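Peer 1: Next input, structure requested:
(3 chains)
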Amino acid sequence: MYALVDGNNFYVSCERVFRPDLKHRPVIVLSNNDGCAIARSNEAKALGVAMGAPWFQIKHLEKQAGLVALSANFELYGDMSDRMMRIASALGHGQEIYSIDESFIDLTGVPGDLVAHSHKIRSRILQRTGIPCGIGIGATKTLAKLANHVAKTAERKPGSYPEQLAQVCNLGTMNQTELESVLRATEVQEVWGVGPRISKQLNEGGIKTVLDLIQMDVAAARRGWSVGLERTIRELQGTPCIGLDDAPSPKQEIACTRSFGKPVSDFDPLREAVTEFASRAAIKLRKQCSLAGHIKVFIRTSPFRDVPQFSRFAMVPLLRPTADTTVLAHAAVMGLKAIYRSNFKLSKAGVILMDLQSDQVKQGELDFGDAVDGSRVRLMSAMDALNHRFGRGAVYLASAGNKGIKRAWSMKQERRTPAYTTRLSDIPVVRA
DNA sequence: TCTGGGGTCCTAGGACCC
DNA sequence: TCTGGGGTCCTAGGACCC
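Peer 2: From the prediction side, this is the model:
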């Protein structure tokens, strides 16, 4: 058995912990650059704000309906996530942290009433972090996901499912009739692994509810779609195909990409941006003890704007795999030089580290006199240590531009709340 | 004016091999 | 008239996830 613990409207819930005045009001959190809605309170959902809705299209709701929009504050969400995950792990014996607000728990060998136990953990998370959760339980991860959807929907939309399934839902203990009525009440697009494309195709073939999907012939699913859909159906039928991944393997790619606050045409700001992105990606790379073999750089115009379009990338091979910020940033800028053209209003750039491998692998090579210099590795460790101790940006490459000055390409974040839990200067003060 | 960022997996098709 | 068969590896692109 698996459980899925998932924070409700997670980013909004994090904000509400420190802004109780936002409770019961329509609130959304915006993506970087204050671009579009990436989290919505129930009240905002009820207003009809869609996931991913561009802010400029819904901005009128600010005055019309009291909609509150906040800039994304990932420093806060990451810390709140750590706290929630720690408490959630007590639900079972193994935990896979699947995303910032979700974790799967292995319930194998957990004795007693799983629903009562889950309610207890749910209350503990709410009490100690302020984050409300939904917990779904099922024989497979896909069923646990589905149960979680039921638990959250039953709470948010009374009448959608039986009331007692709200907050915690165990599909594993339902009788056939109850289970079928839940499956019939749920549309295929709610299933984990079935996206908009496949659900549309399934609907056209008359498969509309999860009950229809569960009864589908797995061979036909494989022929018509892929092994992925076959696996999803088998999981829905109760055959585990996806195990708990509680020791995630290192990333195979590490990216840092950003849209700019406003369009950029000149080379210098692009060089700064690409240097900055390469530096940030390199930090992540060293954190997982990897080296990169290739670095990909791209720049592009906005596909949403009616301007001459431009989109190019360069793949730069590294002489030898490295995690050295200066080498990676230099390679990225070389790539940028190769693809840069003036006279375009560029809106986004990014760097992707590829062909990653462990930093423990020693590649035998001929010595051409420029072999890996241990002092460079120590320099990187020193940089990481300084930035960790004194905050990001304490030391950085000069070619990333002066961080003390507003950089032409920096992103827009006009509505960001403080880092309440991670910066001394931002910690709330309680007055007697 | 204004539309996110960071990943994974699967498949088809081409290059290449004998 | 008529142009093999079987395999691997790599890559680009699609679909999906949050």
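Peer 1: Surely A:Ile296 forms part of a strand?
Peer 2: I think there's a mix-up here, since residue A:296 is Lys and not Ile. Yes. Per DSSP: H, G, I helix; E, B strand; the rest coil, A:Lys296 lies within a strand segment.
Peer 1: Quick check: pLDDT value at it.
Peer 2: A:Lys296 is assigned 94 on the pLDDT scale.
Peer 1: do the same with A:Gly369
Peer 2: 56.
Peer 1: Pull up the residues of the stretch 101-250 of chain A that are close to DNA strand B.
Peer 2: Residues of the stretch 101-250 of chain A found near DNA strand B, taking Cβ under 7 Å from any atom of the strand as the criterion, are A:226-228. C-beta: built from backbone N, CA, C; applies to glycine.
Peer 1: 10 Å instead?
Peer 2: Contacts of the stretch 101-250 of chain A with DNA strand B, taken as Cβ under 10 Å from any atom of the strand, map to A:193, A:222-223, A:225-231, A:241-242, A:245, A:248-250.
Peer 1: Which of those residues fall in helices?
Peer 2: A:222-223, A:227-231 (DSSP state H).
Peer 1: Burial check on A:Gly195, number of neighbours?
Peer 2: Applying other Cβ atoms under 10 Å, we find 10 residues neighbouring A:Gly195.
Peer 1: Please, where are all the strands along chain A?
Peer 2: Per DSSP state E, chain A carries strands over the ranges A:2-7, A:27-30, A:37-40, A:68-71, A:94-99, A:102-106, A:133-138, A:168-170, A:254-264, A:290-301, A:311-322, A:346-358.
Peer 1: and the shortest one, what does it pack onto?
Peer 2: Which is strand A:168-170. helix A:114-129, strand A:133-138, helix A:141-156 (3 or more Cβ pairs under 8 Å, 6 or more residues apart in numbering; DSSP states H and E).
Peer 1: so what's the residue of the stretch 101-250 of chain A found nearest DNA strand C up against?
Peer 2: Closest residue of the stretch 101-250 of chain A to DNA strand C, Cβ to the nearest atom of the strand: A:Gly195 (2.1 Å). Taking Cβ atoms under 8 Å, 6 or more residues apart in numbering, we find A:Gly195 in contact with A:Gln189.
Peer 1: List phi and psi for it.
Peer 2: Here is the backbone geometry of A:Gly195 (degrees, to the nearest 10): phi -90, psi -170.
Peer 1: Distance of it relative to A:Gln201?
Peer 2: 10 Å (Cβ to Cβ, to the nearest Å).
Peer 1: cool, A:Met1 as well?
Peer 2: 31 Å.
Peer 1: Repeat that for A:Ala314.
Peer 2: 36 Å.
Peer 1: Those two: which has the busier surroundings?
Peer 2: Under the neighbour definition other Cβ under 10 Å, A:Ala314 and A:Gln201 were set side by side, and A:Ala314 has more, 18 against 15.
Peer 1: Show me the beta-bridge partners of that one.
Peer 2: A:Val297 (DSSP bridges).
Peer 1: Export the helices and strands packed on strand A:168-170 as CSV, with columns for mean pLDDT.
Peer 2: Formatted as CSV, these follow (pLDDT from 0 to 100):
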stretch, mean pLDDT
helix A:114-129, 98
strand A:133-138, 98
helix A:141-156, 97
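Peer 1: Tell me which of the ones you listed is the most buried.
Peer 2: strand A:133-138 (a mean of 27; mean count of other Cβ atoms under 10 Å).
Peer 1: Spit out the contact partners of A:Asp106.
Peer 2: A:1-2, A:92-95, A:244, A:246.
Peer 1: can you count the residues close to A:Asp373?
Peer 2: 10.
Peer 1: and it, how far is that from A:Ala331?
Peer 2: 17 Å.
Peer 1: Need the nearest residue in space to A:Lys45, chain neighbours excluded.
Peer 2: A:Arg156 (7.6 Å; Cβ to Cβ, 6 or more residues apart in numbering).
Peer 1: Could you double-check that the one you found lies in contact with A:Asn42?
Peer 2: Yes. Using Cβ atoms under 8 Å, A:Arg156 is in contact with A:Asn42, at 5.4 Å.
Peer 1: follow-up on the earlier one: relative to A:Trp409, which of the helices and strands packed on strand A:168-170 is closest?
Peer 2: Among those, helix A:114-129 comes nearest to A:Trp409, with 35.3 Å by Cβ to Cβ.
Peer 1: Which strands or helices does that closest one pack on?
Peer 2: Checked by 3+ Cβ pairs under 8 Å, 6+ apart, helix A:114-129 has strand A:2-7, helix A:74-88, strand A:133-138, strand A:168-170 packed alongside it.
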